[in-house]
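>>> Here is a sequence with its predicted model. Questions after.
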Amino acid sequence: MSIVGIDLGTTNSLISVFTDDGPELIPNALGDFLTPSAVGLSDKGHVLVGQAAKDRLVTHPQLTQSRFKRYMGTNWGQKLGRKHYRAEDLSALVLASLKADAEAYLGAPVERAIISVPAYFNDVQRKATMAAGQIAGLKVERLINEPTAAALAYGLNDKDGESTFLVVDLGGGTFDVSILEMFDGVMEVRASAGDAFLGGEDFTDVVTKHFAEKLEAPLDKFSAKKAAMLRDLADQAKARLSSEHEVSFKFIDDKSNEQTLSLTRNKFEQLVEGLLKKLRHPIQRAVMDAGLRAENIDQVVLVGGATRMPVVRSLIARMFKTFPVHNINPDHVIAMGAAVQAGLVSRHSALDDIVMTDVCPFTLGTEVAIEIARGQHEDGHFQPIIERNTVIPVSRSVINSTIRKGQTQLNLRIFQGEAPRVNNNVFLGQVNISLPKNNKEHEAVDIRFTYDVSGVLEVLVEVLSTKKVSRLVIEGNPGALTKSEIDARFKELDKLKVHPRDETANVAFMARLAKAYENHLGDVRQEIQHMITVFEAVLARQNKHEITETREEIEPHLKAFEDRSIF
Amino acid sequence: MAAWWKVLEVEADADLRAVKRAYAAKLKTIRQDEDPKGFMELRAAYDAARAHISYHEQQANDVTNEITNESVIEVDPDWEVLAQDAADTPPEISYPTIVEQLMDEVHTLINSPWGAGNVGSWTAILDDERLDDIDVYSDFENALLNYMLNIHGFFDEDANVKPKLDLTIAHLVFERFGWQNNRNSVHFNPVVYDWLADKFFRQHEDATYGDLKKIDLRADPAHANYSQFNQRRLIKKPSPRMDKFLKWFDGNGAFILVCLMIALMAIYYAFSPAANKSWDTIYRESIIASQTENNAPDYFGTQKKINLGNSIENIADLDCSQLEAWAKNYTMAESFGERPLDVPSTNEAFLPATDPMEVFKNMEVMKFEDRPANALDEALEKIWQDIESGKTGEVEASIDPAGDTLEERFKPSIKSPTTNKSSIQPWLRAKCLAEERPKYDLTPEE
Ligand SMILES: Nc1ncnc2c1ncn2[C@@H]1O[C@H](COP(=O)(O)OP(=O)(O)OP(=O)(O)O)[C@@H](O)[C@H]1O
Ligand SMILES: [Mg+2]
């Protein structure tokens, strides 16, 4: 039974498998490799995932959600219909849909998976991703960092080479930079850096805001539908500007007036200047952490849809004085790499002579108090235990002692980050340890941090005097789900009715028609209404052949209307 | 734990290549997930081997390099002797490096009456286009850090120098380089961070980056955290001899140190191969790479000729400064943009398959005599537009029409940036008209 690789993206997700011919992408029910990471409810209350849900963001904003990856590991939640969904739940629904696609394609049940996560995802976000997998009924064998996956896909092309390369991954919601060294079949990550909240979607937001300003209406004054529509158009405009110098589109405002909006590439570049500045830091830091200079880097590889933007490419070219490489489709490369990792984990014979090592991209440690004057302590200081860019798996320990003699409780708070004060770092969780009463001396504990190959942290604390060891399940982080919560959610989501897979194409087509209807006026709108009526009538007759034929007949006309609104 | 050469099963004097090969072979026999212990032992051996080898390599390196690479806080006892030598015989430097130029600007700014709080001027330096280059950026970051330490008397315990930057500027600098998030990195000694943060922020009772002096635990070695903190934050105090040396320089010490530092960096730069990859090389490469790229078949399987060719025709009869500006602003951006991005691409299509120089030499370029009459005006107009959008800098070109090789013929370089179009347009025009423009004939040389 094969292990699948999954790229669970902010905007798009993919599933793949490692075969004798190498990594292979699996198409979804619509025949696409990319499944939009959008989830919604159909009019009948069935769960919809993918393109149909993405289109329904515009027509049914209350019943649809997207971009939830940004909320992984937080308490964020959203009601769809009557139920409340967390980011883990929505991600689980996407995973379940991908799983169904893979099962249909492979003709066998799929139970084990490798899921890719941004390298800069913190421990809580990683655990949330694992939880999403479990809720979807998958055994998550391993998490793999996205830029590392990309490197695996690239590295496979040249396994005997010796080189150092830098991967820049700007996806929809996250930004990662990794530096890899390859020698003798070893792919070694030297350093990673990133920003878990920076991606192509932020560029879209900037453009949307710009258009709202042009319309002289603040975004929050728009109806939910119109706001979603404007964002959708802004997203298309942004993508067009990657190949054109100017783009215009028609937008029907809340008062049913048709407005024409346009944007030039120059103006766009001006708008996103602030975002571009944020890209610099992680790149610079990764290079410096790896102790490299530009001349030591043989190749700069671009991954992620947002690296298609010319501004991003020329920034990278200016920084490295070299042209970045993007031989493999930037949308596919991470899923391909995840498949390679799946092949490695299942010991596929084609990968015998390849190994990969990764690093922990951020510093992990605990809070300590330190003595500021004799007998006077101040808490809130960060004590690093595993320093950033240490090769994983890794295990490190420190010995700490109590502040006061006779202290019987120790509150251990665990943090991740690079700042000297804990309140500027990310809180991962905490635990209380009981100590024997000892009035004569300071009790001491050995704190051991173990970071496994998936980048998940385990903490062991040993009280030195009693030799009592506690294995800590880090709890108490409001964003993390407990084991029993995960189980409960699995059972609940299992009960949800998912829209039948063989009807996916029809639902998606209907959603597309409805969206086009929304975005047109007058005669065109009438005509689209007519298409909807015809298609509904055919659907009602339930003749598969006829339905497909009608769909194919209408499609070019619909496409022509869509193209007319953006030019 | 066993010695690294035993774990890796190599000779104790094995070279890096042998160590890597041994590590790779062993690694393939270990499952990282199932045997983390075994992996960690192997990894520790590999790290130890690499540290050992690089230590010996460094020993063998020449002294100048060693000093320049070393961070300033690791005060070497021999330092003062070397410093003395360097002061006696000023190194011969023919041109200032970019970092030097930038540091000059910093130095001038800080010593000007308004330098401590001038947000505009500081932002201008920090936003300088030349810092786009990752190497320049990291060298500048280091130089600036060391400079800050020096002018604030980091090496002189007794000197109580007031912060020479206002709070806003200190924030600006810290945030620009992300120093507040870099404290635990390998190239940034925490002592330095703590000291500097303390200098700038404690005075203002601003706890943004922590009142970090308190972390110093040396006062109480009995404390459980002592060894750990102490180990990581150990700083070598200047030796008495060093102290004397600094006193000797008296008030000018800081400035002289900076000069020395810059001089040493210049030496390093002059010998570093990275510094020799000049702007014109990269721009030329950029033209070539995009030319090859645009010869890739597009959607319809046809050869897509883009306006790059036209650009070259127009450029050919102008001077190099325009070639550079064009190359920078258009070729790079346009070649990316013009290509249909979804073209399923083959590896070869996007890598310069042949030697870039060959491609360049073979490009057919219109001769000067045949140029369209208004090409100069058009080019000026374009450059003007660029200046308007703040894109280009003042360009200086040295041109040698008689040069044998391409490198000799083109030698453009960017001078300090100017955003003033009214000043640059007459300058450019005068330059283009007055100069005897070379007639580029780039047909292959026999
Ligand atoms: N031609 C284009 N020009 C500009 N942006 C584009 C283009 N094509 C796609 N994008 C942007 O790329 C982003 C999606 O990229 P990708 O599919 O790699 O992200 P993801 O994997 O879903 O997200 P992440 O990896 O951050 O979780 C979107 O923001 C999209 O707008
Ligand atoms: Mg992605």
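Yep, it's here. Residues are numbered from 1 along each chain as shown, chains lettered A, B, ... in the order given. Ligands and ions are numbered 1, 2, ... in the order given.
>>> And the residue of chain A closest to ligand 2?
Nearest residue of chain A to ligand 2 (C-beta to the ion) works out as residue A:171 at 3.4 Å. Where you see a C-beta, it was placed from the backbone N, CA and C, and this is true even at glycine.
>>> mind listing what the nearest residue to that residue once chain neighbours are set aside touches?
Nearest non-adjacent residue to residue A:171, counting by C-beta to C-beta, 6 or more residues apart in numbering or on different chains: residue A:304, 4.0 Å away. Each residue near residue A:304 by C-beta atoms under 8 Å, 6 or more residues apart in numbering or on different chains is listed here: A:168, A:169, A:170, A:171, A:172, A:199, A:200, A:330, A:331, A:334.
>>> hey, what's the first one bridged with?
Put plainly, it is residue A:168. residue A:177, residue A:302 (DSSP bridges).
>>> if we can go back for a sec, could you report the distance from the residue nearest to residue A:171 to residue A:37?
Distance, residue A:304 to residue A:37, by C-beta to C-beta, to the nearest Å: 14 Å.
>>> any weak-confidence spans in chain B?
Along chain B, segments meeting pLDDT under 70 span B:1, B:61-96, B:157-158, B:181-191, B:194, B:202-446.
>>> Domain-wise, how is it divided?
If you go by automatic domain parsing, the domain ranges for chain B are B:4-88, B:95-223, B:299-444.
>>> measure residue A:247 to residue A:241 for me?
6 Å.
>>> Let me fix that, I meant to ask about residue A:536.
Taken as C-beta to C-beta, the span from residue A:536 to residue A:241 is 37 Å.
>>> Comparing the two, which residue is more hemmed in?
residue A:241 (24 against 11; other C-beta atoms under 10 Å in any protein chain shown).
>>> Correct me if wrong: that one contacts residue A:267.
No. Using C-beta atoms under 8 Å, residue A:241 is not in contact with residue A:267, being 9.4 Å away.
>>> neighbour-wise, which of the contacts of residue A:304 leads?
Going by other C-beta under 10 Å, residue A:334 tops the contacts of residue A:304 with 34 neighbours.
>>> What pLDDT is listed against the nearest residue to residue A:502 once chain neighbours are set aside?
Nearest non-adjacent residue to residue A:502, counting by C-beta to C-beta, 6+ apart: residue A:29, 7.3 Å away. For residue A:29, the pLDDT comes out at 94.
>>> repeat for the one 3 residues further on
At residue A:32, the model reports a pLDDT of 96.
>>> that's a strand at it, yeah?
No. Counting by DSSP: H, G, I helix; E, B strand; the rest coil, one finds residue A:32 to be coil, located in no strand.
>>> Against residue A:16, how distant is it?
13 Å.
>>> just residue A:524 next, same as before
From residue A:524 to residue A:16 the distance is 40 Å (C-beta to C-beta).
>>> Settle it for me: which of those two has more neighbours?
residue A:16 (27 against 16).
>>> Distance check, that one against residue A:200.
In terms of C-beta to C-beta, residue A:16 sits 21 Å off from residue A:200.
>>> Residue A:53 now?
19 Å.
>>> Same check on residue A:250?
With C-beta to C-beta as the criterion, residue A:250 and residue A:200 are 23 Å apart.
>>> which residues sit in contact with residue A:151?
Going by C-beta under 8 Å, 6+ apart, the list of residues near residue A:151 reads A:165, A:167, A:178, A:180, A:187, A:189, A:301, A:337.
>>> same thing but at 6 Å, please
A:167, A:180 (C-beta atoms under 6 Å, 6 or more residues apart in numbering or on different chains).
>>> now residue A:61
Residue A:61 neighbours (C-beta under 6 Å, 6+ apart): A:224, A:225, A:228.
>>> Show the buried residues in the residues you listed.
A:225, A:228 (16 or more other C-beta atoms under 10 Å in any protein chain shown).
>>> which of the contacts of residue A:61 come close to chain B?
Contacts with chain B within those, counted by C-beta under 6 Å from any C-beta of the partner chain: none were found.
>>> Helices - which of the contacts of residue A:61 land there?
A:224, A:225, A:228 (DSSP state H).
>>> Which of the residues you listed sits closest to ligand 1?
Nearest to ligand 1 among the ones in helices among the contacts of residue A:61 is residue A:228, at 15.0 Å by C-beta to the nearest ligand atom.
>>> which residues touch that closest one?
When contacts are counted by C-beta under 6 Å, 6+ apart, residue A:228 touches A:57, A:58, A:61.
>>> what do you get for residue A:252?
With C-beta under 6 Å, 6+ apart, residue A:252 has these contacts: A:258, A:521.
>>> go with 7 Å
A:258, A:519, A:521 (C-beta atoms under 7 Å, 6 or more residues apart in numbering or on different chains).
>>> Compare those residues and tell me which has the most neighbours.
Result: residue A:519 is most packed of those (other C-beta under 10 Å), 25 neighbours.
>>> In this structure that residue contacts residue A:564, no?
No. Contact criterion C-beta atoms under 7 Å: residue A:519 and residue A:564 do not qualify, at 10.0 Å.
>>> Closest residue of the stretch 1-150 of chain B to ligand 1?
residue B:132 (21.4 Å).
>>> Let me know the outermost residue of chain A.
residue A:440 (52.0 Å; C-alpha atoms, centre = their mean).
>>> What's the local residue count around residue A:319?
So residue A:319, with other C-beta under 10 Å, has 25 neighbours.
>>> what's near enough to touch it?
Residue A:319 neighbours (C-beta under 7 Å, 6+ apart): A:283, B:132, B:133, B:134.
>>> make it 8 Å
So residue A:319 contacts A:280, A:283, B:132, B:133, B:134, B:137 (C-beta under 8 Å, 6+ apart).
>>> So which bits of the stretch 1-150 of chain B are right by chain A?
B:20-21, B:23-25, B:27-28, B:32-33, B:36, B:39-40, B:43, B:132-135, B:137-138 (C-beta under 8 Å from any C-beta of the partner chain).
>>> one more time with 6 Å, if that's ok
Near chain A, when you scan the stretch 1-150 of chain B using C-beta under 6 Å from any C-beta, you find B:20-21, B:24, B:27-28, B:32-33, B:36, B:43, B:132, B:134-135, B:137-138.
>>> The residue of the stretch 1-150 of chain B closest to ligand 1 against residue A:316, yeah?
No. The pair residue B:132 / residue A:316 is not scored as a contact, 10.1 Å apart, by C-beta atoms under 6 Å.
>>> what about those two, which has more around it?
Between residue B:132 and residue A:316, residue A:316 has the larger neighbour count (other C-beta under 10 Å), namely 21 against 16.
>>> Run through the stretch 451-567 of chain A and note the low-pLDDT ranges.
A:473-478.
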